[in-house]
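In: Sharing a model prediction with you, sequence too.
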Amino acid sequence: MLYQQVKNCQSCKLAATRKNLVFGEGNANANLVMVGEAPGADEDATGKPFVGRAGKLLTDIITKGMELSRDEIFICNVLKCRPPLNRDPEKDEIDACMGILQKQLEIINPKVICTLGRFSAFVLLGKGKKLGDYRGKVHFYRNIPVVVTYHPSALLRNPNLKRPTWDDVKIILRIMSGDDPNQIGYW
């Protein structure tokens, strides 16, 4: 199992400050993988992704909005260790974790990937755009459809982003139900 190979990772300086490696959790055969940026303090303490306030909101989106359980999907982050003071990830840290994320996506081979926030969108799809520039159409990462949406923490700061996030969720559900991602655009 991939987790056994990486649980003692020492590939970057974050290994020295982490409490727990946050590998990800959920269904290894999931149709949907949600990818965030990096673990926060709550995630570092528990070893599980999205367990703080933003995680509670994400769980509501999954269970109430999508009518799925967290166990039916796979949730992870680009980085597997918490950056100090929740600072932005650095290039060497991204490089150290990118192979793990790629392997996770290869093993799971989901129908769709949802990036949560600017950072994970940039890592999977390329930098140079604002988050809003990625929204409104389906992208592809290694032939897997990618839907970009706001990070749950952004929704906590700005509730006006809930409606556009719901638009993104509806696209994810369409892809999961078999609609052709090449034919989907929503503005």
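Out: Yep, it's here.
In: Quick check, pLDDT for the residue positioned nearest the centre of the chain.
Out: In the chain, the residue lying closest to the centroid (C-alpha atoms, centre = their mean) is Val35, at 1.0 Å. With respect to pLDDT, Val35 has a value of 99.
In: residue ranges with poor pLDDT in the protein?
Out: 128, 186-187 (pLDDT under 70).
In: Strands of that one, residue ranges please.
Out: All strands of the chain, identified by DSSP state E, fall at 25-26, 32-36, 74-77, 112-116, 139-141, 144-149.
In: List the contacts of the residue nearest to the centre of the chain.
Out: Cys76, Asn77, Val78, Leu101, Ile113, Cys114, Thr115, Leu116, Ser120, Leu124 (C-beta atoms under 8 Å, 6 or more residues apart in numbering). (Glycine included, C-beta is placed from N, CA and C.)
In: Looking at the residues you listed, spot the one nearest Val147.
Out: Cys114 (5.1 Å; C-beta to C-beta).
In: show me what contacts the closest one?
Out: Leu32, Val33, Met34, Val35, Val146, Val147, Val148, Thr149, Asp168, Ile172 are the contacts of Cys114 under C-beta under 8 Å, 6+ apart.
In: what about the helices in this protein?
Out: 2-6, 41-46, 53-60, 91-108, 118-125, 131-134, 152-157, 162-176 (DSSP state H).
In: Most tightly packed of those helices?
Out: helix 118-125 (a mean of 22; mean count of other C-beta atoms under 10 Å).
In: can you give me the offset of stretch 26-43 from its chain's centre?
Out: 5 Å (C-alpha atoms, centre = their mean, to the nearest Å).
In: Can you get me the start-to-end distance on it?
Out: In stretch 26-43, first residue to last residue: 15 Å (C-alpha to C-alpha, to the nearest Å).
In: Give the buried residues for it.
Out: Across stretch 26-43, burial judged by 16 or more other C-beta atoms under 10 Å covers 26-27, 30-40, 42-43.
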